[in-house]
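Peer 1: sequence first, then the predicted structure, then my questions.
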Amino acid sequence: MDCLVEWVINNAVRVVLIAAKHTALAKTRLAPVIPDAERRMLAEAMFRDVLAAALASRKAERIAVVSSDASLLEIAAASGALKIDEVVPRGLNAAVRMATSILVEAGATQLCTVLSDIPLVTGADIDAVFSAIPGEGGVVLVPSRDFSGTNMIARAPGDVISTIF
């Protein structure tokens, strides 16, 4: 496997996985109106907000971050989150599949994947998603406001279905 990861999840069953694009590749649709440096700062600020929400969750037992961005991974590690380094950007779906496989193999049984640029997400939102997972397992989807995509997906077991964002 050509990634770097911290393997120990300390028997946690509920894991929040934050998927973060490299800040140099994030928010590209804003390129015509926001300079590169400001887009990177925006992507990092949004990542920090999502990380803070995950850390505020009462149901999450562990937080993991998958990214190829060393600075975001260091922020994650400083907060106590596990870091899964893609080494090179694989694309969002491939990164989430890789991280899911690693986390499930390490023992995660409930996995809530949230994108790093979801505005206004809270720990209570993440708790609600974990709480909505049926007792026998299943999938909970949180659509985007305009229903054109998915902001969060919770799965139990963590690899019950693959993700396509």
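Peer 2: Arrived safely.
Peer 1: what's next to the top helix by length along the chain, contact-wise?
Peer 2: Ranked by number of residues, the top helix in the chain under DSSP state H is helix 36-56. Contact partners of helix 36-56, identified using C-beta atoms under 8 Å, 6 or more residues apart in numbering, comprise 16, 18, 20-21, 23-24, 26-28, 30-31, 34, 60, 63, 65, 71-72, 75-76, 79-81, 114-119, 121-126. Glycine gets a C-beta too; all of them are placed from N, C-alpha and C.
Peer 1: from the residues you listed, which land in strands?
Peer 2: Of the contacts of helix 36-56, the ones assigned to strands by DSSP state E are 16, 18, 63, 65, 114, 115.
Peer 1: of the residues you listed, closest to residue 91?
Peer 2: Of all the ones in strands among the contacts of helix 36-56, residue 115 has the smallest distance to residue 91: 13.1 Å, by C-beta to C-beta.
Peer 1: that closest one reaches residue 163, doesn't it?
Peer 2: No: the pair residue 115 and residue 163 fails to qualify as a contact (C-beta atoms under 8 Å) at a distance of 10.5 Å.
Peer 1: tell me who's in contact with the spatially most central residue of the chain.
Peer 2: The residue lying closest to the centre of the chain (C-alpha atoms, centre = their mean) is residue 18, at 1.4 Å. Contacts for residue 18 (C-beta under 8 Å, 6+ apart) come out as 47, 50-51, 54, 63-66, 76, 81, 113-116.
Peer 1: good, wrapping up.
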